[in-house]
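1. Sequence first, predicted coordinates after that:
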Amino acid sequence: MNKYKFIALLLLVAAFFPACDKPYSDYDEEGDGDTEIVGGSKDDTDYGNDDDETCDDEESGSSDDGVYADGVVDVETFINTPIVNQVWLKGYIVGAATGANGKKRYDFDAPFSYDTALLLADDPSTTDLSHVVSVCLTSCSKKIRESLNLKEHPENCGKVLSVYGFREVYLAIPGIKKIDGYEFSD
């Protein structure tokens, strides 16, 4: 009988204390005043970089559904599709970001001040947050962070990068928090 009382007590405790984690929210609320965008905007206004050779229209090699022939997804597909498995995400590196001290900052113009996250987009001149994804560089290896961040390597801006990981929300936009693989493309 004591065994049943103990099991009942455990179930009762589990019912009252299900978890100690912060509640999950897909996106942080807009307009909290903790967002700073350098060289970009929250609306559809794009500020292109005229001297960037990668701004030319190039054939992307993706189908109409946003999935490349090799199974890699583009940024818009990644943003608009609920993806539950790990996926290869491919996009242009368009900026850097940080969430230090609880304040989100997005930087689209060199010189870049942040080495903690990258911003990827389908178009190399995109500065609209609704068309970019974030890639966390703090939860990956030090070697990956050192080779990808724009603070130390501003020449990476405009390059095409593919990263492998789970779709999550990072810095209040869709992104990848933990990189399990990456490669630069042509």
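-> Everything's here; your move.

2. in the protein, which helix or strand is least confident?
-> Here the helix or strand of the chain ranked lowest by mean pLDDT, DSSP states H and E is strand 35-38, holding a mean of 62.

3. Helix or strand next in line after that one, which one?
-> Beyond strand 35-38 on the C-terminal side, the first helix or strand identified by DSSP states H and E is strand 73-74.

4. Counting by contacts, list what that following strand packs against.
-> Here strand 73-74 touches strand 87-98, going by 3 or more CB pairs under 8 Å, 6 or more residues apart in numbering; DSSP states H and E. In this view, the C-beta of every residue, glycine as well, is placed from N, C-alpha and C.

5. tell me what the strand it packs on is packed against?
-> By 3+ CB pairs under 8 Å, 6+ apart, strand 87-98 packs against strand 73-74, helix 75-80, strand 104-107, strand 117-121, strand 132-136, strand 160-165.

6. Neighbouring strands - and their directions - for it?
-> strand 73-74 (parallel), strand 104-107 (antiparallel), strand 117-121 (antiparallel), strand 160-165 (antiparallel) (DSSP bridges).

7. Run the angle between it and strand 132-136 for me.
-> 80 degrees (axes from the mean of the first three to the mean of the last three CA atoms, to 10 degrees).
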